[in-house]
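Colleague: next one to model:
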Amino acid sequence: SIEEGLNPPFNQSSALPNRADGDGNPKSGLLSFGGVGGSGYGKRWWREKLNIAFLILLCLGLITWLLLSGFLKAPDETTMEENSNPNLIIAKHGAVASEVVNCSQIGVDVLKEGGNAVDAIIATHICIGTINSCAAGIGGGGFMLIRKPNGFAEFIDFREVAPLKSHRDMYVKDTKLSIIGPLSIAVPGEIRGLKLAHERHGKLPWKRLLEPSIKLSRDGFAIPEELAIRMKMYKHEIETNPAFRDIFCDAKGKLLNEGDIVFRKNYSRTLEKLAEDYNDFYEGEIARSTVAEIQRQGGIITLEDLANYRPVIREPLVGYYQGKKFITSPEPGSGTILLFLLNVIEEFKFHKEGRSKENVQRMVEAFKFSIARRSELGDP
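Modeller: As a prediction, this is how the structure comes out:
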């Protein structure tokens with residue numbers, strides 16, 4: 001999905017949520033919204049893309065924030081005990097939460113070997129892109145919110161960017177082109193983004209973090225529930241596309257089901273190359289073959305697009321809720337919306353009154369109003 005550079009910025013005269021300085025301390029600021037210009041089409045387009053960005057923020061940002069809370073060490077054993085709250089699990093040494101059990105375990109194994117939370121999330125995320133490829137992958141991008149034990153916090157933005165040949169009106173005549181097909185492909189940021197995080201904060205070797213996914217894609221893995229659901233949604237597209245059919249269909253060309261074993265041997269070889277030289281994705285053999293295939297199908301990404309891609313380190317936003325400090329994503333993430341939501345619900349006594357009908361309704365309305373304000377966000 002193409003995101004960067006196609007929407008107007010915040011009104012610079014408007015007050016924004018607090019931002020953290022180098023020590024993680026907030027700078028002055030208020031939570032309010034400025035006006036955003038642009039066409040109605042641009043706003044609708046941005047709202048759709050922020051749905052994806054918000055999910056990535058939750059997966060990457062929240063997990064990293066949890067794991068970098070200052071008590072992680074290299075454990076000999078990771079044990080967990082249930083709290084009185086059935087929805088809360090307390091870990092003595094650390095925890096990794098993802099949508100795929102295998103991937104969470106890979107992250108835990110990294111922690112046990114002396115890796116830190118950044119190592120764990122990189123290994124986990126590469127695994128998700130391998131097994132649950134509908135949710136992540138090296139052809140996409142994301143966000144990473146990092147807080148170190150000393151209070152330093154930073155936000156790495158490695159979302160995809162628009163190719164140099166793109167223009168604002170390229171989807172006006174057919175909006176479906178922004179979702180499916182070669183023109184929907186943006187310049188991928190995941191590999192350079194994860195590598196930047198690893199260079200700045202990682203401990204274990206880069207190659208070690210990719211090895212579990214290399215093995216999984218080569219030796220095979222069972223199709224998880226979520227991937228099976230998505231495969232059924234796009235059954236026709238998979239069964240009629242030779243590349244997809246070779247992976248996700250049986251010998252008769254019929255779609256595989258949940259629990260069936262999938263092999264991604266070509267992807268395994270790609271990960272092996274990236275484990276040795278991540279930059280091959282942007283300036284090497286992988287880059288050349290990727291661009292050639294995209295252009296063959298009518299896409300506009302060039303070798304220059306890939307070579308020029310750089311992730312961006314941004315300053316996190318800081319807010320407070322009932323005396324507790326929250327560090328979250330700046331634009332183009334949806335951290336602003338999170339802080340707005342916390343401001344809306346702060347006066348309610350949810351923790352004392354419990355899940356009454358009134359409180360459930362209040363929460364629903366707060367979410368509705370907060371999410372509606374995402375349409376007022378734009379690229380920084």
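Colleague: secondary structure class for His93?
Modeller: coil (DSSP: H, G, I helix; E, B strand; the rest coil).
Colleague: surely it touches Leu111?
Modeller: Yes. Using C-beta atoms under 8 Å, His93 makes contact with Leu111 at a distance of 7.3 Å. Where C-beta positions appear, they are placed from N, C-alpha and C, glycine not excepted.
Colleague: identify the residue spatially nearest to Lys254, adjacent ones excluded.
Modeller: Leaving aside its chain neighbours, Lys254 sits nearest to Glu239 (7.4 Å; criterion: C-beta to C-beta, 6 or more residues apart in numbering).
Colleague: could you check the helix or strand hosting that neighbour and say which residues are buried?
Modeller: If you go by DSSP states H and E, Glu239 is part of helix 235-240. By neighbour count on 16 or more other C-beta atoms under 10 Å, the buried set for helix 235-240 is Ile238.
Colleague: tell me what that helix is packed against?
Modeller: In terms of contacts (3 or more C-beta pairs under 8 Å, 6 or more residues apart in numbering; DSSP states H and E), helix 235-240 is packed against helix 242-248.
Colleague: if you set the cut-off to 10 Å instead, what comes out?
Modeller: Applying 3 or more C-beta pairs under 10 Å, 6 or more residues apart in numbering; DSSP states H and E, one finds that helix 235-240 makes contact with helix 225-233, helix 242-248.
Colleague: more neighbours: His93 and Leu111, which one.
Modeller: Leu111 (25 against 17; other C-beta atoms under 10 Å).
Colleague: check which helix or strand covers the more buried one.
Modeller: Going by DSSP H and E, Leu111 is in helix 101-112.
Colleague: could you pull up the contacting residues of Glu239?
Modeller: Glu239 sits next to Met231, Arg245, Phe248, Cys249, Gly253, Lys254, Leu255 when contact means C-beta atoms under 10 Å, 6 or more residues apart in numbering.
Colleague: show the pLDDT at the fourth one.
Modeller: Read it as Cys249. We have a pLDDT of 96 for Cys249.
Colleague: that one and Leu255 touch, don't they?
Modeller: Yes. The criterion here is C-beta atoms under 10 Å, and Cys249 meets it with Leu255 at 5.7 Å.
Colleague: got any residues that touch both of the two?
Modeller: Joint contacts of Cys249 and Leu255 (C-beta under 10 Å, 6+ apart) are Met231, Lys235, Ile238, Glu239.
Colleague: for the residue nearest to Lys254, give its distance to Gly253.
Modeller: 6 Å (C-beta to C-beta, to the nearest Å).
Colleague: joint contacts of the two?
Modeller: Contacts common to Glu239 and Gly253, judged by C-beta under 10 Å, 6+ apart, are Arg245.
Colleague: and what about Ile90, helix, strand or coil?
Modeller: Ile90 ends up strand, using three-state DSSP.
Colleague: count the residues that sit near it.
Modeller: Ile90: 10 neighbours (other C-beta under 10 Å).
Colleague: with that, I have no additional questions.
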